[in-house]
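Undergrad: all I have is the shape, not the residue letters:
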């Protein structure tokens with residue numbers, strides 16, 4: 001492996017070798033989907049979820065739409081990253097004074113460990129409008145909500161796994177109150193996870209599979225080449241939206257600067273569990289595991305807003321593919337103006 005990866009390593013991550021004759025940059029797990037419908041008595045569909053290594057296995061914060069079609073986040077545990085035990089009851093939050101503080105809704109979480117704390121980001125209700133909710137836990141028993149990061153409307157909040165130049169850094173996708181027929185990726189900084197500023201555009205929707213809107217996916221992976229960011233892009237077709245995903249490489253110390261960005265997608269809905277479901281034609285990445293020794297990566301993605309699926313690859317190969325399938329790209333690094 002030529003790429004140096006600085007990340008929480010998952011030695012026991014799930015893995016399946018590339019099938020014979022397969023030349024795709026990432027390949028699907030043959031046992032997909034790993035979670036199907038009606039996973040618990042109160043949950044109808046589980047998808048768009050986040051996980052990290054924990055103890056001798058894995059822990060996750062999973063999106064589970066209930067039998068009333070309300071969006072909630074639930075705790076899940078797994079020994080192998082494939083077979084999950086999902087709690088039937090949503091996570092119960094408290095505020096910083098220890099009082100119950102439940103979101104009206106919560107969906108599409110991300111999960112990251114920074115130092116000794118696990119931070120959770122999700123799309124939450126703020127005055128019944130969507131924005132980035134935040135909370136943390138140290139033991140996955142007590143979950144504390146902190147201030148919402150941004151004003152409405154916003155989605156796809158993704159924290160970097162360490163401070164950069166002394167500040168916490170978060171990617172997000174400003175939006176509207178509906179299905180958001182637009183969207184670019186922005187980046188913001190904070191000294192304390194309360195006050196956010198230094199907003200910069202990272203990159204915009206372009207054409208093809210990512211012409212309508214884009215949004216950050218899993219927690220960016222630090223490498224000696226830059227931050228590897230897997231992101232989703234949306235195409236508007238005559239039959240509705242299609243969600244695919246690709247990758248970009250961001251500068252290590254100035255991650256608003258894009259070094260490479262994939263022009264083709266890495267994965268687009270093709271399998272039945274991606275094209276058929278509650279919302280057809282969706283592959284929405286939210287989480288990734290890596291083995292820092294050999295560069296294996298497992299990408300977890302929501303499929304058709306109905307299932308969780310996994311795709312495998314190698315960080316080395318993805319970065320080489322990026323360099324061959326990208327033109328040099330410069331983000332909008334202006335100071336709060338066009």
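TA: That came through, no problem. As the structure is a computational prediction, the values presented were derived from the model and not from experiment.
Undergrad: any idea what residue 201 is bridged to?
TA: With DSSP bridges as the criterion, residue 201 is bridged to residue 186.
Undergrad: so it touches residue 188, yeah?
TA: No: Residue 201 lies out of contact with residue 188 (C-beta atoms under 8 Å); the separation is 10.9 Å. To be clear about C-beta, it is placed using only N, CA and C from the backbone, and glycine gets the same treatment.
Undergrad: the two: which has the busier surroundings?
TA: The neighbour comparison of residue 201 against residue 188 (other C-beta atoms under 10 Å) goes to residue 188, with 21 against 16.
Undergrad: helix or strand for that one, which one?
TA: Here residue 188, judged by DSSP states H and E, is contained in strand 185-190.
Undergrad: that strand packs against which elements?
TA: Applying 3 or more C-beta pairs under 8 Å, 6 or more residues apart in numbering; DSSP states H and E, we find strand 185-190 packed against strand 168-174, strand 197-203, strand 213-216.
Undergrad: residues making contact with the last one?
TA: Yep, that's strand 213-216 we're talking about. Residues from elsewhere that reach strand 213-216 (C-beta atoms under 8 Å, 6 or more residues apart in numbering): 155-156, 158, 171-173, 180-185, 203-205, 229, 231-234.
Undergrad: what lines up beside that strand in the sheet?
TA: Taking DSSP bridges as the criterion, strand 213-216 sits next to strand 226-237 (antiparallel) in its sheet.
Undergrad: I'd like the next helix or strand past the partner strand.
TA: Past strand 226-237, the next helix or strand by DSSP H and E is strand 240-250.
Undergrad: quick one: that following strand to strand 168-174, angle?
TA: On the basis of axes from the mean of the first three to the mean of the last three C-alpha atoms, to 10 degrees, strand 240-250 is oriented at 150 degrees to strand 168-174.
Undergrad: just the mean pLDDT for strand 240-250, thanks.
TA: When pLDDT is averaged over strand 240-250, the result is 98.
Undergrad: now do it against strand 185-190, angle only.
TA: Going by the same axes, to 10 degrees, strand 240-250 makes 50 degrees with strand 185-190.
Undergrad: list the helices and strands strand 240-250 packs on?
TA: Secondary elements touching strand 240-250 (3+ C-beta pairs under 8 Å, 6+ apart): strand 226-237, strand 258-261, strand 283-290, helix 315-324.
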